[in-house]
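Asker: predicted model and sequence below, questions to follow.
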Amino acid sequence: GLRKGVVVDIDATVDSIKHAVEEAELMADCEITSVYAGIAGGHIRALNSHGVVAVKDREVGESDIKRVIDAAKAVAIPMDREVIHVIPQEFIVDDQDGIREPLGMSGVRLEAQIHIVTAAVTSAQNIVKCANRAGLNVMDIVLEPLASAEATLADDERDLGVCLIDIGGGTTDIAVFCEGSIQHTSVLGLGGYHISNDIAVGLRTPFEEAERIKKKFGMASARYLGSDDMISVPSVGGRRPRQVSRKILCEIIEPRVDEILSLARQEIAKTGLEDRIPSGVVLTGGCSALNGLADLAEEIFEAPVRPGIPTHIGGLRDVVRGPMYATGVGLALFGASQSNSRPATRFRIRDDSIFGRVKQRMRDWFYEDMG
């Protein structure tokens, strides 16, 4: 029901949500009534902004922090877009920069650098609508690469500088962290779906079989394979299966993987942050499990690369240990931080007056549609 991170079939998406929730309820032995939803897609936009205010009593208070963030996020946002994250990068008190928590500090001038993430209103609306039709209340919407980062990145990686690349089915999500805070987010409209489609076309096999073949026999590079390693490839239209060299399969996969990784590097280079990620690259998402992907990524990025394995989890940790579960685990961690009333400043500064209106607007969309 999703394509490139956007809902294209509401009924199919609702069915998928119901199936996933039923499995989760069986495993956790509890009833699920509310969720935190991930969002991605080519409609995601992000920008950095700056605000400055005078400190009222020569000591930074909570009201000063709220005012400076309000000043920083006072940018023109088109009517068809919705702010989903406002994330502080750093605060500056009387020209002293690099401050993460200014509360209680002495000064007369407070500045804030923030990262604003926006999404298309209709895309957010459709995600909420699908969850509501599945009988669920959406507590919040979280950008998927930020959720993946919460599950996989270590604090020292964030401090030193790291790039997370989440290669999903329809999109590749990028998040760059420096000095402990998010500096850049973006989404590419390419992912594992395009690799599978290339295989289906190149080997003339059904898409479902192409997906299976990719997972079982695929490699990111064909250079180390000989021509004598053969695989059976089902044909379309009921024709007999054919024997195809595994090297041919990987020669189909490699150009698309190279394209995805090269576009990701170009995206990072455009921001000027390429030299600020000495911790290298962390790969997550279902496609990151492709054999040889990390090695090819190291060549393209000329930096260390590791798979993003979810951490900070207990219980059935072996079930969700793969990079493909990074976003799901990150959403669960975010939800847990909210239910335990711990501040989630990596994601956003809360403003109940604004976010309350956003959630109410989404509920209104749903009920208008049902009416």
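Answerer: Received it, and whenever you're ready, just let me know what you need.
Asker: drop to CA atoms for contacts and neighbour counts, all remaining ones
Answerer: Will do.
Asker: neighbours around residue 47, how many?
Answerer: Applying other Cα atoms under 10 Å, we find 15 residues neighbouring residue 47.
Asker: likewise for the one 5 residues further on?
Answerer: Using other Cα under 10 Å, residue 52 is surrounded by 21 other residues.
Asker: who's in contact with it?
Answerer: The contact partners of residue 52, by Cα atoms under 8 Å, 6 or more residues apart in numbering, come to 68, 71-72, 109-112.
Asker: that one is in what secondary structure piece?
Answerer: Assignment of secondary structure by DSSP states H and E places residue 52 within strand 45-54.
Asker: neighbouring strands - and their directions - for that strand?
Answerer: strand 109-120 (antiparallel) (DSSP bridges).
Asker: distance check, the residue nearest to residue 93 when sequence neighbours are not counted against residue 100.
Answerer: For residue 93, the nearest residue in space outside its immediate sequence neighbours is residue 110; the separation is 4.8 Å by Cα to Cα, 6 or more residues apart in numbering. Residue 110 sits 12 Å away from residue 100, taking Cα to Cα, to the nearest Å as the criterion.
Asker: can I take it that residue 209 is in a strand?
Answerer: No: with DSSP: H, G, I helix; E, B strand; the rest coil as the criterion, residue 209 is located in helix rather than a strand.
Asker: secondary structure class for residue 170?
Answerer: Classification of residue 170 by three-state DSSP places it in coil.
Asker: which ones are touching the nearest residue to it once chain neighbours are set aside?
Answerer: Nearest residue to residue 170, sequence neighbours excluded (Cα to Cα, 6+ apart): residue 4, at 3.8 Å. Shown here is residue 4, whose contacts under the criterion Cα under 8 Å, 6+ apart are 40-42, 169-171, 189-190.
Asker: how about low-confidence regions in the chain?
Answerer: Judged against pLDDT under 70, the low-scoring parts of the chain cover residues 312-319, 339-371.
Asker: okay, domains of it per the record?
Answerer: Dividing the chain into domains by the TED database, as the record does, gives the ranges 1-135, 144-331.
Asker: what would these look like in CSV with distance to residue 338?
Answerer: Compiled in CSV, the domains of the chain are given as follows (distance: least, Cα to Cα, whole Å):
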stretch, distance to residue 338
domain 1-135, 10
domain 144-331, 11
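Asker: ok so, going back, I'd like to know how far the residue nearest to residue 170 sits from residue 203.
Answerer: As for residue 4, its distance to residue 203 is 23 Å (criterion: Cα to Cα).
Asker: likewise for residue 191?
Answerer: Counting by Cα to Cα, the gap between residue 191 and residue 203 amounts to 19 Å.
Asker: which one of those two is surrounded by more residues?
Answerer: Comparing residue 191 with residue 203 by other Cα under 10 Å, the one with more neighbours is residue 191, at 23 against 19.
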